[in-house]
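Novice: With the sequence up front, the predicted model follows.
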Amino acid sequence: MAADRRILVVGLENAGKTRLLRTMSGDVTNLMPTRGCIVKTISYEGRVLSLLEVGGFARSVWRRYANADCVVFVVDAHDRGRIYEAATALAQLLREPRLAMVPVLVLCNKMDIFTSLKPEVLLTLFAPVLRGRPSAVLGCSAMTGDGVPAALAWLAIWLDRTRPRNRRTLFRCCCYSLRSS
Ligand SMILES: Nc1nc2c(ncn2[C@@H]2O[C@H](COP(=O)(O)OP(=O)(O)OP(=O)(O)O)[C@@H](O)[C@H]2O)c(=O)[nH]1
Ligand SMILES: [Mg+2]
């Protein structure tokens, strides 16, 4: 089996990260805010993707998990009052040197709610944060699954173009976080 590729999934509390991972893996159990982190491993067209969610409440430790091949940043596009906070949080994370040039996918979640901000609007806010690296800003609904296949397809393209990183510390950090949360 192919070596797994590791994707760091972060975003503010309530953005929909756990729902997204569950939609990707076909798990429909109840949601709770994530304390520490969650790992979901899925198969996608011959690839093994390990998706590591670090909860929004654990924002101060996101960068401990920077040894990833790709970053997915989930935004609650319906929560207009926290959009700037979300962009600032991503900008702070991407100052981490280990994330230089790592592909970043911004997922504008909750597109099933018609008053949510559209990806085109959020693009203007996130573009300066993403400048100089492979990136995309896409809409999705973790609730209905709309946009999730396109997100996976984008990740697959960029993972195939980049070599796996040396990430021996990723799961050690993860165990530490689970013990300490
Ligand atoms: N309408 C709608 N609600 C969503 C969507 N995605 C998530 N939610 C809801 O938003 C709430 C938070 O979802 P979670 O997946 O737990 O959010 P999270 O980003 O993992 O939050 P933390 O673990 O606290 O960082 C839940 O009530 C979800 O059902 C979506 O696409 N549309
Ligand atoms: Mg969560």
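Specialist: On my side now, so go ahead. Ligands and ions are numbered 1, 2, ... in the order given.
Novice: Please enumerate the helices of this structure.
Specialist: Under the criterion DSSP state H, the chain contains helices at 17-25, 83-94, 119-130, 148-161, 170-180.
Novice: Nearest to ligand 2 among those helices would be which one?
Specialist: Across the helices of the chain, ligand 2 has its closest neighbour in helix 17-25 (3.3 Å, C-beta to the ion). All C-beta atoms are positioned from the backbone trio N, CA, C, and that covers glycine.
Novice: quick one: contacts for L31?
Specialist: Counting by C-beta atoms under 8 Å, 6 or more residues apart in numbering, L31 touches 18-19, 22.
Novice: Check R22 too.
Specialist: Contact analysis of R22 by C-beta under 8 Å, 6+ apart lists 28-29, 31, 40, 142.
Novice: Dump those into TSV; add distance to L99 as well.
Specialist: Compiled in TSV, those are given as follows (distance: C-beta to C-beta, whole Å):
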residue	distance to L99
V28	32
T29	31
L31	27
K40	21
A142	23
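Novice: Buried among those? Make that a ChimeraX selection.
Specialist: Selection of buried members from the contacts of R22 for ChimeraX, criterion 16 or more other C-beta atoms under 10 Å:
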select :40,142
